[in-house]
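*Asks:* below are the sequence and a predicted model for it; my questions follow.
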Amino acid sequence: MNGRVMIFLYLVSWTVLFPLRSPLVGAMMTPIITPSKCLGIGDVPIPTSAVVIPDDVYMAFPSKEHQAISRINCALRAAAGMGLAYLYEGNICTVYGAGEYRYGNNTFFVPSEIPPVDDLEEVAQLKQTYASIHFKGWHKDFAVDGIFGPQMYHSENGIIRPWWIVDLAETRTIHQVQIFTRQDCCSNRFHDIQIRVGNTLDSSGEMTSYTLMSTYDGPYVLGQGHVICSLFRGVTGRYLGVKKVSGDGDHLQLLEVKVYAAKKIS
């Protein structure tokens with residue numbers, strides 16, 4: 001293989017593995033945001049510091065451990081070994097299902113759902129909120145008061161597509177949103193939810209200019225725990241909105257909303 005071919009393959013491999021930075025232009029490129037699906041925490045394993053791996057991967061596929069100096073090094077090992085998933089902890093890289101996940105000439109593996117927990121911080125508690133008209137005394141601020149019930153934000157009767165927004169007070173890169181909805185009754189009301197992030201306040205609640213981060217189809221089932229919405233690359237903005245997009249008139253009921261953003265580098 002001549003030198004030109006080797007350089008070309010290197011550049012293609014680098015671009016596939018690290019799509020946010022291209023060595024050809026030497027600058028960060030604007031990522032295309034693909035919304036994630038929110039799930040009840042009972043439906044998925046709790047994230048580790050490196051990767052969310054479905055239970056069936058643990059059960060069905062063998063694992064192999066390697067020494068690795070970084071998470072990127074671990075990812076490269078998973079890619080080279082055609083692994084289905086990888087886990088990096090304490091300089092040990094565990095590759096699951098090596099040689100099992102291949103489509104044509106392409107290799108896929110499961111990246112981290114969110115950055116390590118230590119790299120995130122909760123940024124919504126006690127911040128300014130905005131919302132559709134509330135029912136009785138259950139106003140918008142209850143959703144970020146840090147108290148898990150019985151008070152909550154509860155939209156007024158008859159509101160179509162109710163919404164709620166929190167102002168984070170500054171622009172942050174959001175990687176995860178955790179939503180705790182009403183637990184004493186009416187769980188089926190929580191469905192057809194969108195999580196959106198924007199840079200300006202949309203007091204109309206339409207949020208059409210906001211980036212769609214995640215969606216939750218529902219309906220929510222009691223005992224499911226909280227709803228978790230994660231996006232590895234994150235979405236940058238100052239305002240985070242939760243909105244029901246179905247036109248059935250069901251209430252929006254938010255017991256608590258937690259927003260996790262990347263810690264600021266001091």
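*Replies:* That came through fine. No experiment lies behind these values; they were computed from the predicted model shown.
*Asks:* buried ones in the strand or helix carrying Thr94?
*Replies:* Assessed by DSSP states H and E, Thr94 sits inside strand 92-96. Within strand 92-96, the residues that qualify as buried by neighbour count (16 or more other C-beta atoms under 10 Å) are 93-96. Backbone N, C-alpha and C define where each C-beta goes, glycine included.
*Asks:* repeat that for stretch 153-170.
*Replies:* Within stretch 153-170, the residues that count as buried by 16+ other C-beta under 10 Å are 153-155, 159, 161-166, 168.
*Asks:* can you add secondary structure and distance to Thr129 and give the residues you listed back as CSV?
*Replies:* Shown next, in CSV, are the buried residues of stretch 153-170 (DSSP: H, G, I helix; E, B strand; the rest coil; distance: C-beta to C-beta, whole Å):
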residue, secondary structure, distance to Thr129
Tyr153, strand, 8
His154, strand, 13
Ser155, strand, 13
Ile159, coil, 16
Arg161, coil, 17
Pro162, coil, 13
Trp163, strand, 11
Trp164, strand, 7
Ile165, strand, 7
Val166, strand, 5
Leu168, strand, 11
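*Asks:* tell me the two of the residues you listed that are most distant?
*Replies:* Greatest spatial distance among the buried residues of stretch 153-170 (C-beta to C-beta): Ile159 and Leu168, at 24.3 Å.
*Asks:* mind exporting the C-alpha coordinates of the strand holding Thr94 to PDB?
*Replies:* In PDB, the C-alpha atoms belonging to strand 92-96 read as follows (Å, rounded to 0.1, in the frame of the first residue of the first chain):
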ATOM      1  CA  ILE A  92      -9.300  -1.000  31.800                       C
ATOM      2  CA  CYS A  93     -11.200  -1.200  28.500                       C
ATOM      3  CA  THR A  94     -13.800  -3.900  28.300                       C
ATOM      4  CA  VAL A  95     -15.100  -4.700  24.700                       C
ATOM      5  CA  TYR A  96     -18.400  -6.500  24.400                       C
END
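*Asks:* please name the residues that touch Asp184.
*Replies:* Counting by C-beta atoms under 8 Å, 6 or more residues apart in numbering, Asp184 touches 149-150.
*Asks:* and it, that's in a helix?
*Replies:* No: applying DSSP: H, G, I helix; E, B strand; the rest coil, one finds Asp184 to be coil, outside a helix.
*Asks:* need the per-residue pLDDT for it.
*Replies:* Asp184 is assigned a pLDDT of 86 by the prediction.
*Asks:* can you tell me the closest non-neighbouring residue to Ser155?
*Replies:* Distances taken as C-beta to C-beta, 6 or more residues apart in numbering place Pro162 nearest to Ser155, at 3.6 Å, with adjacent residues excluded.
*Asks:* go on, Thr129?
*Replies:* Nearest non-adjacent residue to Thr129, counting by C-beta to C-beta, 6+ apart: Lys140, 4.2 Å away.
*Asks:* what distance do you get for that neighbour to Ser36?
*Replies:* 25 Å (C-beta to C-beta, to the nearest Å).
*Asks:* against Cys93, how distant is Ile69?
*Replies:* 9 Å.
*Asks:* what is the neighbour count of the closest residue to Ser70 other than its chain neighbours?
*Replies:* Sequence neighbours aside, Tyr88 is the residue nearest to Ser70 in space, at 7.7 Å (criterion: C-beta to C-beta, 6+ apart). Residues lying near Tyr88 (other C-beta atoms under 10 Å) number 26.
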